[in-house]
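J.: Need a 3D model of the sequence below.
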Amino acid sequence: MASSDARKPVEDARPEEARAPGTRTSGSGPGSGPDRAPESGPAEAPDATPAPLVRALCDDLSTVLGTLVDPADLHPRHDGAAAPLLGLVGVAAAGPRQVACRLLAEWVRAGTVEAGEQPELWGPSAVDVATLRLGGERLLPGLTLTPLPSGLPPREAVERLLPTVAELLGAMRQVALVDHTRATTVPGWSARLRLLAECDALGPAAAATGDPGAWVVAAHHLAASAFVPEAAEGSVWTQLMAAVRTHAVRALAELGEAREGEGELDRRGSHDFTALVDMERSVTLDDHPARSGNVLQVVRLPRERAGRMEKALVLLAPRSGG
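T.: Numbers count the residues shown, from 1 in each chain. You can find the predicted model right below:
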């Protein structure tokens, strides 16, 4: 797995052994470590933070991320959706993301702010967005992503990544949500709430004893129904979508329900693509700028069970002149 964008994970303190993701861990500043007490008390009011420092932080982040960062982007929503800055970091290419994470760590190292504690979730690679505090007030809530342990059963891997999908979705400004045969642009916080509600209805993987393959397909579908056009190649979001799909395919293969040729789902026009994809129910994102007709995302995986094949659904870019 890739190393952290801001710090190297502590050896011999793997999250699956020392703590579960979702607990709070310390930030990346001096004296930080893996065994910090949970943060308690209500969220701090952002108004108490000196405005000039907030503006300076936003200006620095705007420079390294190459997009406007507003003071409002530093604060989570009242429904628990993450701060929009985490969405901007999540869609950034690897280079800008690493510089942004380093910037926050250097603010702590320079003594300009203090490191706070932050949630930890499973991810496709290690990323540490430091929580920043100033004068007892929270300036920016961060997030730590820790790579999944090797050898994890693929169904469990999919299940562990779903909360991370929800966390990042909530921080996105807008996403294209695929619902039946249409794609609708919605705020990220709305897509997050829908995903959380549908995950509750789906239930845990361990409870799907009657038809575990159906749980795998449904879990992947919940995650892949959200498409983020702004996500750069190599971004945390694109890595996360790829990881969910990879583990879901492996889970179906373990059950003997994966279809050969699944790797052709991204190649429109190939023989396997035509055989595996339900084009009548697949969706075209009409306002996507790349009018290539290519596959943007596999929304539902194909599955074969008891001699019956369930075809895949994909999200497509529009064709030029179409």
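J.: what helix or strand does Met309 sit in?
T.: Taking DSSP states H and E as the definition, Met309 sits inside strand 308-310.
J.: Just say helix, strand or coil for the most centrally placed residue in the chain.
T.: For the chain, the residue nearest the mean C-alpha position is Val165 (3.9 Å; Cα atoms, centre = their mean). With DSSP: H, G, I helix; E, B strand; the rest coil as the basis, the three-state label of Val165 is helix.
J.: what do you get for the one 10 residues further on?
T.: When states are read from three-state DSSP, the local structure at Val175 comes out as strand.
J.: who's in contact with the nearest residue to the residue nearest to the centre of the chain once chain neighbours are set aside?
T.: The shortest distance from Val165 to any non-neighbouring residue, by Cβ to Cβ, 6 or more residues apart in numbering, is to Ala223 (4.6 Å). Where C-beta positions appear, they are placed from N, C-alpha and C, glycine not excepted. By Cβ atoms under 8 Å, 6 or more residues apart in numbering, the contact set of Ala223 is Leu161, Leu162, Val165, Leu195, Leu240, Met241, Val244.
J.: for the residues you listed, which one is nearest His180?
T.: Using Cβ to Cβ, Leu195 is the member of the contacts of Ala223 that lies nearest His180, at 16.3 Å.
J.: Can you report how many residues neighbour the residue nearest to that closest one when sequence neighbours are not counted?
T.: Once flanking residues are discounted, Leu195 sits nearest to Ala166: 4.9 Å by Cβ to Cβ, 6+ apart. Ala166 has 23 neighbours, counted by other Cβ atoms under 10 Å.
J.: ok, back up a step: measure the residue nearest to the centre of the chain to Val277 for me?
T.: 23 Å (Cβ to Cβ, to the nearest Å).
J.: picking that back up, mind checking which of the contacts of Ala223 land in strands?
T.: Using DSSP state E, no member of the contacts of Ala223 sits in strands.
J.: what about dumping the CA coordinates of the helix or strand hosting Ala197 to CSV?
T.: Taking DSSP H and E as the definition, one finds Ala197 inside helix 188-202. Output of helix 188-202 as CSV, limited to C-alpha atoms (Å, rounded to 0.1, in the frame of the first residue of the first chain):
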residue,chain,number,x,y,z
GLY,A,188,-22.8,15.5,-1.6
TRP,A,189,-24.5,15.6,1.8
SER,A,190,-27.7,14.4,0.3
ALA,A,191,-26.0,11.5,-1.5
ARG,A,192,-24.3,10.6,1.9
LEU,A,193,-27.7,10.5,3.7
ARG,A,194,-29.1,8.2,1.0
LEU,A,195,-26.1,5.9,1.1
LEU,A,196,-26.3,5.6,4.9
ALA,A,197,-30.0,4.9,4.8
GLU,A,198,-29.6,2.2,2.1
CYS,A,199,-26.6,0.6,4.0
ASP,A,200,-28.9,0.3,7.0
ALA,A,201,-31.5,-1.4,4.9
LEU,A,202,-28.9,-3.7,3.3
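J.: quick one: buried residues of that helix?
T.: Under the neighbour-count criterion of 16 or more other Cβ atoms under 10 Å, helix 188-202 has Gly188, Trp189, Ser190, Ala191, Arg192, Leu193, Arg194, Leu195, Leu196, Cys199, Leu202 buried.
J.: Check which element follows that helix along the chain.
T.: Following helix 188-202 toward the C-terminus (DSSP H and E): helix 212-224.
J.: Surely Cys58 and Thr67 touch.
T.: No: Cys58 lies out of contact with Thr67 (Cβ atoms under 8 Å); the separation is 11.1 Å.
J.: which of the two has more neighbours?
T.: Cys58 (18 against 14).
J.: so who does the more buried one touch?
T.: Cys58 touches Val69, Asp70, Pro71, Asp73, Leu74, counting by Cβ under 8 Å, 6+ apart.
J.: so where's the stretch 201-322 of the chain uncertain?
T.: 260-263, 269, 321-322 (pLDDT under 70).
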